[in-house]
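Asker: what shape does this take:
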Amino acid sequence: MQYESRKMFRHQRGIWLILLYFILSFAGLLLFDTPMNDDVERNREAYDHYLHQVEGKCTDETESLLSEEAQRIAKANSELQRLYGDFYDGKLTEREFNSQIAAAEETVRYQKGFELLYEQYNGIRENTENRWFLYTNGWDSLLSHDSLDLLFVLLLLLLIAPVFCQEYESKMDELILTEPKGARHHALHKIVLVVLVVCTLCLLNSGIRYLFYEWRYGLPHESYPLQSLSYFATSTREATLIGTFLKVSFGKLFGSLSFAMLILFVSVCVKKYALTLFTCTAVVLLPFYGLTLPSAKYFLPGPLGFMISTGFFRGNEYQYDAVMQEKVLTFQEIGSAARWLLWGITLCLMLMMAIIILKKHTNIWCAKNIRRVSKAPCLVLMLCILTSAFSGCSAPHTAQEHPLFNLEQSSSYENDHYRFFVESPNSNESAWMMENKSIGEKHPLVRNPMQTATKVSERIYGYGDYIYYMQIESYETGFLSTSDHFSIVEVDTRNFTDRIALEHNLDTNRDTFLGIGKSDEQDIEPFKFAEAFFLDDQNLYLIGNGQVRKVNRVTGKTDVIIEVPVLKSLSYDGESVYYINEKSELMRYDVCTGQETELYGIVTASFLLTEKEVVFINRLEQNKLYACNRFDGTLQQLTQEAVLSFSKDGSTVIYTGKADLQEHRIVLNDQ
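Answerer: Predicted coordinates for the structure are as follows:
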């Protein structure tokens with residue numbers, strides 16, 4: 001045993017492989033771990049403020065508290081809007097305003113936390129007995145996933161495959177058979193060593209992950225029911241959170257032992273290192289990525305289901321199909337009888353493989369000559385699989401430097417040669433059109449033969465000769481479901497060639513090769529509900545649901561940079577995003593530094609950005625139209641009358657007077 005362990009850890013460099021695995025695994029957790037609900041982390045103080053009041057089982061007192069708090073916050077928001085309106089209209093003095101607003105601001109201070117908790121409450125009240133209030137990010141990160149640890153699979157392959165294969169490659173197996181104790185003694189030692197190593201690695205791996213998430217998020221309420229996590233909401237198993245973690249860890253240990261025994265068995269049968277790696281990898285990866293129904297892999301005896309194990313704790317899950325007008329099963333619960341049957345079959349397979357391994361090492365006459373298989377094709381295939389797993393596609397460089405974007409004017413765009421606009425906006429037959437300015441001819445911009453399956457946004461983004469539009473395509477995948485695909489299309493107006501500038505999969509149920517591009521609900525939300533967008537060389541900025549989200553066009557990482565109740569007026573100049581906050585103040589957000597500043601004390605309900613100025617309705621001056629120099633803050637009054645609304649056409653501002661409701665024009669001199 002001592003010789004075998006020294007051979008595994010020293011001669012085969014097993015200790016370095018193990019250290020490298022734990023370093024990469026821990027580095028991956030530090031660098032790439034993201035919370036399941038990042039809104040909770042961004043508003044942790046506000047969320048904890050309410051969670052501490054209701055944590056635990058949902059009771060009548062809890063429901064009453066939430067209902068009263070919802071009414072109180074709604075009333076406070078209404079009061080804030082009234083106070084700000086009266087103050088800007090001159091009905092309240094500053095002293096009166098400050099004395100009345102303090103109580104309302106204190107009430108809405110933790111509003112976002114309440115909204116997050118109320119969203120959790122909507123799921124809890126469907127089953128108040130098993131779904132309790134708790135902080136979920138830590139436990140969700142630890143348990144709520146259906147992923148296979150590919151690094152751990154690779155580690156087991158590299159550690160265990162040489163145990164027997166090295167002897168076959170060097171022809172030492174025939175010499176070992178001549179020893180007094182025979183090869184069976186050595187084979188038994190190897191099997192015991194592999195079992196001990198796998199058990200140690202699994203326990204260390206589970207312990208490190210538990211400690212990491214305990215440090216990163218915290219793992220409170222460990223005795224709460226498993227169904228408190230939305231991922232396991234439909235489960236029928238009676239289990240606590242900590243109990244589930246221990247059972248999942250034990251299941252992964254059993255699955256890893258099964259996989260280790262499979263590697264030993266295959267290596268003894270084929271006696272080739274590369275073929276062993278390829279065969280064992282295929283046994284695990286093909287069903288993991290090839291089966292359409294996520295629960296199908298848990299019904300297969302063998303290592304795969306147990307190496308994930310979380311699926312054994314999920315219940316039946318359904319998704320409503322709009323085409324068939326019925327619920328479609330997306331995950332089938334693995335019943336108690338099926339679980340025990342899988343355990344029994346897998347255990348029997350392990351014992352049979354161990355017996356065959358020992359039998360094949362009984363004497364030298366059992367050794368059979370197997371035709372050599374070239375290693376090169378197998379190694380090339382493995383390299384291709386690994387390369388595909390860790391590679392991605394980067395978006396091409398676009399031809400923009402300092403674009404100017406106004407949300408309220410994003411339903412049209414004009415360059416030197418063409419005008420682009422929506423014909424019949426806000427209707428089912430609306431379409432993007434382009435008009436040649438020199439001859440006046442109009443043609444459809446989007447030339448898609450599958451327009452019935454394509455939804456194109458009524459917002460456009462343009463800069464110079466390039467324009468961009470946003471579309472969502474639906475593809476029929478049989479009679480039961482459709483899969484959606486989000487894309488930003490770039491059109492070069494010089495020759496009207498188009499290409500995909502960015503794309504994203506919106507189908508959470510579709511399995512993809514090695515999991516590349518597979519999405520979850522949190523990933524697709526900003527894409528499905530985006531109303532408008534703008535972009536730069538590195539990022540896409542999606543506007544929708546009162547948020548501006550920055551999406552890295554290479555990595556796909558998404559961050560919320562701006563969040564306000566209503567985003568009506570918004571502009572971008574290539575460096576900063578301008579928007580109106582909940583207090584009607586004009587704010588500037590620097591996309592590079594992340595710093596947010598108030599812009600020269602401007603209070604407005606609507607504004608537009610020009611090359612040098614901000615044109616806005618000044619609420620501090622009876623809603624008159626003003627222009628403010630963006631660089632030195634110089635103010636210029638444009639109208640003597642109150643303005644109801646305005647727009648901009650080139651260097652001309654067109655406004656509607658509040659008193660006469662007539663349109664008037666002003667020519668700006670900043671162009």
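Asker: what ranges do the strands span in the stretch 451-600 of the chain?
Answerer: 454-463, 466-476, 482-492, 497-505, 532-535, 539-544, 547-552, 558-563, 570-572, 576-580, 585-590, 596-609 (DSSP state E, counting those that start in this stretch).
Asker: for residue 504, which residues make a bridge with it?
Answerer: For residue 504, the residues forming beta bridges with it (DSSP bridges) are residue 486.
Asker: also residue 499?
Answerer: residue 490.
Asker: then residue 587?
Answerer: Residues in a beta bridge with residue 587, per DSSP bridges, are residue 579, residue 598.
Asker: one step back: out of the strands of the stretch 451-600 of the chain, deepest packed?
Answerer: Neighbour counts averaged per stretch over the strands of the stretch 451-600 of the chain are highest for strand 532-535, at a mean of 25; criterion: mean count of other C-beta atoms under 10 Å. Every C-beta, even on glycine, is put in place using the N, C-alpha and C of the backbone.
Asker: hang on, the earlier thing: dump the strands of the stretch 451-600 of the chain to CSV, plus distance to residue 100 and mean pLDDT.
Answerer: Putting the strands of the stretch 451-600 of the chain into CSV (distance: least, C-beta to C-beta, whole Å; pLDDT from 0 to 100) gives the following:
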stretch, distance to residue 100, mean pLDDT
strand 454-463, 39, 80
strand 466-476, 43, 77
strand 482-492, 45, 76
strand 497-505, 46, 79
strand 532-535, 36, 86
strand 539-544, 33, 87
strand 547-552, 30, 87
strand 558-563, 26, 86
strand 570-572, 30, 90
strand 576-580, 22, 91
strand 585-590, 18, 90
strand 596-609, 18, 89
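Asker: which among these is found nearest to residue 40?
Answerer: Judged by C-beta to C-beta, the one of the strands of the stretch 451-600 of the chain that comes nearest to residue 40 is strand 558-563, at 12.2 Å.
Asker: now do that closest one: which elements does it pack against?
Answerer: With contacts defined as 3 or more C-beta pairs under 8 Å, 6 or more residues apart in numbering; DSSP states H and E, strand 558-563 has these neighbours: helix 38-42, strand 547-552, strand 576-580.
Asker: and stretch 75-87, how far out from the chain middle?
Answerer: 36 Å (C-alpha atoms, centre = their mean, to the nearest Å).
Asker: before we move on, what about stretch 586-595?
Answerer: Distance, stretch centre to chain centre, for stretch 586-595: 24 Å (C-alpha atoms, centre = their mean).
Asker: rewinding a little: pipe the helices and strands packed on strand 558-563 into TSV and attach distance to residue 143 per row.
Answerer: Output for the helices and strands packed on strand 558-563, formatted as TSV (distance: least, C-beta to C-beta, whole Å):
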stretch	distance to residue 143
helix 38-42	16
strand 547-552	27
strand 576-580	37
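Asker: out of these, flag the one nearest residue 84.
Answerer: Ranked by C-beta to C-beta, the member of these that lies closest to residue 84 is strand 576-580, at 11.7 Å.
Asker: from the middle of its chain, how far away would the closest one be?
Answerer: Distance, centroid of strand 576-580 to centroid of chain: 25 Å (C-alpha atoms, centre = their mean).
Asker: now do it and strand 547-552, the angle between them.
Answerer: 170 degrees (axes from the mean of the first three to the mean of the last three C-alpha atoms, to 10 degrees).
Asker: got the angle between strand 576-580 and strand 585-590?
Answerer: Orientation note: strand 576-580 sits at an angle of 160 degrees relative to strand 585-590 (the same axes, to 10 degrees).
Asker: by contact count, what packs against strand 576-580?
Answerer: If you count contacts as 3+ C-beta pairs under 8 Å, 6+ apart, strand 576-580 packs onto strand 558-563, strand 570-572, strand 585-590, strand 596-609.
Asker: make a markdown table out of those strands and add distance to residue 192.
Answerer: Formatted as a markdown table, the helices and strands packed on strand 576-580 follow (distance: least, C-beta to C-beta, whole Å):
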| stretch | distance to residue 192 |
| --- | --- |
| strand 558-563 | 48 |
| strand 570-572 | 65 |
| strand 585-590 | 61 |
| strand 596-609 | 62 |
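Asker: please name whichever of those is nearest to residue 265.
Answerer: Of all these, it is strand 558-563 that lies closest to residue 265, at 44.1 Å by C-beta to C-beta.
Asker: where in the protein is pLDDT low?
Answerer: Judged by pLDDT under 70, the chain has its weakly predicted residues at 1-12, 168-184, 321-325, 362-403, 424-430, 447-453, 474-483, 507-523, 670-671.
Asker: now the longest helix that it contains: buried residues?
Answerer: Counting residues, the longest helix found in the chain (DSSP state H) is helix 182-216. For helix 182-216, burial by neighbour count (16 or more other C-beta atoms under 10 Å) applies to 183-184, 186-191, 193-194, 197-198, 201-202, 205-206, 209-210, 212-213, 216.
Asker: which strands and helices sit next to it?
Answerer: By 3+ C-beta pairs under 8 Å, 6+ apart, helix 182-216 packs against helix 2-6, helix 14-32, helix 137-143, helix 150-169, helix 172-176, helix 241-270, helix 336-360.
Asker: hmm, back to that, can you redo the strands of the stretch 451-600 of the chain as CSV with distance to residue 414?
Answerer: Output for the strands of the stretch 451-600 of the chain, formatted as CSV (distance: least, C-beta to C-beta, whole Å):
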stretch, distance to residue 414
strand 454-463, 8
strand 466-476, 10
strand 482-492, 14
strand 497-505, 19
strand 532-535, 17
strand 539-544, 21
strand 547-552, 25
strand 558-563, 27
strand 570-572, 17
strand 576-580, 21
strand 585-590, 26
strand 596-609, 15
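Asker: can you say which of the ones you listed is nearest to residue 53?
Answerer: With C-beta to C-beta as the criterion, residue 53 lies closest to strand 558-563 of these, at 23.7 Å.
Asker: I'd say residue 128 and residue 57 touch.
Answerer: Yes. Residue 128 is within contact range of residue 57, at 7.1 Å (criterion: C-beta atoms under 8 Å).
Asker: separation between residue 354 and residue 194?
Answerer: 10 Å (C-beta to C-beta, to the nearest Å).
Asker: whoops, residue 663 was the one
Answerer: For residue 663, the distance to residue 194 equals 83 Å [C-beta to C-beta].
Asker: go through the helices and strands packed on strand 558-563 and name the closest to residue 440.
Answerer: Nearest to residue 440, of the helices and strands packed on strand 558-563 and by C-beta to C-beta, is strand 576-580 at 34.9 Å.
Asker: beta partners for residue 406?
Answerer: Beta-bridge pairing of residue 406 under DSSP bridges involves residue 571.
Asker: for it, list the residues it contacts.
Answerer: Each residue near residue 406 by C-beta atoms under 8 Å, 6 or more residues apart in numbering is listed here: 569-571, 608-609, 648.
Asker: also residue 120?
Answerer: 133, 136.
Asker: helix or strand: which one has it?
Answerer: Using DSSP states H and E, residue 120 sits within helix 111-124.
Asker: and the angle for that helix with strand 558-563?
Answerer: Using the same axes, to 10 degrees: helix 111-124 against strand 558-563 is 130 degrees.
Asker: return the distance of helix 111-124 from the chain's centre.
Answerer: Computed by C-alpha atoms, centre = their mean, the chain-centroid distance of helix 111-124 equals 20 Å.
Asker: let's see it as PDB, backbone CA atoms only.
Answerer: Listed next in PDB are the C-alpha coordinates belonging to helix 111-124 (Å, rounded to 0.1, in the frame of the first residue of the first chain):
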ATOM      1  CA  GLN A 111     -38.500  50.000   0.000                       C
ATOM      2  CA  LYS A 112     -36.300  47.900  -2.300                       C
ATOM      3  CA  GLY A 113     -35.700  45.400   0.500                       C
ATOM      4  CA  PHE A 114     -39.400  45.200   1.100                       C
ATOM      5  CA  GLU A 115     -40.000  44.500  -2.600                       C
ATOM      6  CA  LEU A 116     -37.500  41.700  -2.600                       C
ATOM      7  CA  LEU A 117     -39.000  40.200   0.500                       C
ATOM      8  CA  TYR A 118     -42.500  40.500  -0.900                       C
ATOM      9  CA  GLU A 119     -41.400  38.700  -4.000                       C
ATOM     10  CA  GLN A 120     -40.200  35.900  -1.800                       C
ATOM     11  CA  TYR A 121     -43.500  36.000   0.100                       C
ATOM     12  CA  ASN A 122     -45.400  35.400  -3.200                       C
ATOM     13  CA  GLY A 123     -43.800  32.000  -3.500                       C
ATOM     14  CA  ILE A 124     -44.000  31.200   0.200                       C
END
